[in-house]
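> Fold the following for me, if possible:
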Amino acid sequence: MKTKSLTKELTLLTLVATFTLGMIDAYTFMAHRQVFATAQTGNLVVFAVKLFTKGIGSAWENIPVWVIFGISCFVAQGMLEIPTDKLSRRHQNKIFMAVNVTVLLILAIVQQFSSSDLLVWPLSFLSGYELTTFRTVGSISANNGIMTGNTKNMMNSLYRWLIDHDTKAKTKFLTLLMIIVIFLFGVGTGALLCHANPLWPLWAGFTLNALVLVILFTITPKTD
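Residues are numbered from 1 along each chain as shown. The predicted structure follows:
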C-alpha cells in the first residue's frame, strides 16, 4: 500500500511528466519532421500517411521511435516489478529522475551542435518510461502523455457523476480534466518555445525536471 507521502510524490511526478511530455511532443513534431516522442498513435498515423503518399523513404523515420518507445515501456514495467525490499519505489523515482535530467541536459547541449532527428530517440525512451511509471494523481490512475484514453475515461466519469450520481466519479472527472489541461499547456509552451527558438524546449524540460529532482532529494517525507 502506498503511503501518503509516496502518493503525493507520484502525483507531483505525474503532473510534471504530463506537462513535460506535452512540451516535448510539440518540440519533436515541429523541429523533427512530424515525429512524436510520446504520442504513438500520432506516429502510426503520420507513418501510414507518409507511406501511402510519399513512400517508405519518408515514412520510415516514425518507426524507430515507436519501437524504442515500446522497449522503454517493457523496461519500465520490469523496474516496477522489482520487490520493494530490494529497491523501493521512492528510490526508483530518484534514480529515474536523475537519469532523466542527465539525458535532457546532454541532449540540450548536443542540439547546440547538431539538429539530427536521432535526438528524438532518447526522448522517446524517456517518454515510454515516464508513461509507464508515473500514472497516478492521488488515488486515480491516469495517462500522462496520451489523451485519448483520458478523454474517454473523463466522459465516462462525467456520465456516472451526472446521471448515476456517483460522487467518486466527480473527482475522477475533474482530475482527468486537469491532466488534459496541463498537457495542453505543455504542448502550447513547447510550441511557443520552439517557434521562438528550437533550442529552448529541451533546456526548459531540463530546468523543470532538475527542479523536481532537487525537491525529491531535499524534502524528507513525514512519517505517515
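
> quick one: the strand or helix carrying I71 to chain centroid distance?
Taking DSSP states H and E as the definition, I71 sits inside helix 62-80. Its chain's C-alpha centre and that of helix 62-80 lie 13 Å apart, by CA atoms, centre = their mean, to the nearest Å.

> same question, stretch 160-178
With CA atoms, centre = their mean, you get 24 Å for stretch 160-178.

> what's next to that stretch, contact-wise?
Contacting residues not belonging to stretch 160-178 are listed as V137, G138, I140, A142, N150, T151, N153, M154, S157, L158, Y159 [CB atoms under 8 Å, 6 or more residues apart in numbering]. Any C-beta I mention is one placed from the backbone N, CA and C, and that applies to glycine too.

> Give me the average confidence score over that stretch.
For stretch 160-178, the mean per-residue pLDDT is 96.

> for stretch 33-50, same thing?
89.

> What residues of that stretch count as buried?
Q34, V35, F36, A37, T38, A39, Q40, G42, N43, V46, F47, K50 (16 or more other CB atoms under 10 Å).

> list the buried ones in stretch 3-13?
Quick answer for stretch 3-13 (16+ other CB under 10 Å): L6, T7, E9, L10, T11, L12, L13.

> thinking again about what came up before, please identify the buried residues of the helix holding I71?
N62, V65, W66, I68, F69, S72, C73, A76.

> before we move on, back to that, select from the contacts of stretch 160-178 every entry located in helices.
Judged by DSSP state H, these include N150, T151, N153, M154, S157, L158, Y159 as members of helices.

> Just the buried ones from those?
N150, N153, M154, S157, L158.

> Output these in CSV; the columns should cover distance to S88.
As requested, these are arranged in CSV below (distance: CB to CB, whole Å):
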residue, distance to S88
N150, 28
N153, 29
M154, 32
S157, 32
L158, 36
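
> farthest-separated two in these?
N150 and L158 (12.3 Å; CB to CB).

> Quick check, pLDDT for the closest residue in space to T7 that isn't next to it in sequence.
Of all residues not flanking T7 in the chain, G138 sits nearest, at 6.5 Å (CB to CB, 6 or more residues apart in numbering). Listed pLDDT for G138 reads 88.

> go on, P198?
For P198, pLDDT reads 94.

> what does the one 4 residues further on give?
You'll see L202 listed with a pLDDT of 96.

> For the residue nearest to it when sequence neighbours are not counted, give me its contacts.
Leaving aside its chain neighbours, L202 sits nearest to A108 (4.1 Å; criterion: CB to CB, 6+ apart). By CB under 8 Å, 6+ apart, A108 lies in contact with L199, L202, W203, G205, F206.

> Going by distance to I24, which of those wins?
Closest to I24, out of all of the contacts of A108 and judged by CB to CB, is G205, at 6.1 Å.

> measure the closest one to F125 for me?
Using CB to CB, to the nearest Å, one obtains 14 Å as the distance from G205 to F125.

> Between the two, point out the one with more neighbours.
Here G205 and F125 are compared on neighbour count by other CB atoms under 10 Å; more neighbours surround G205, at 29 against 20.
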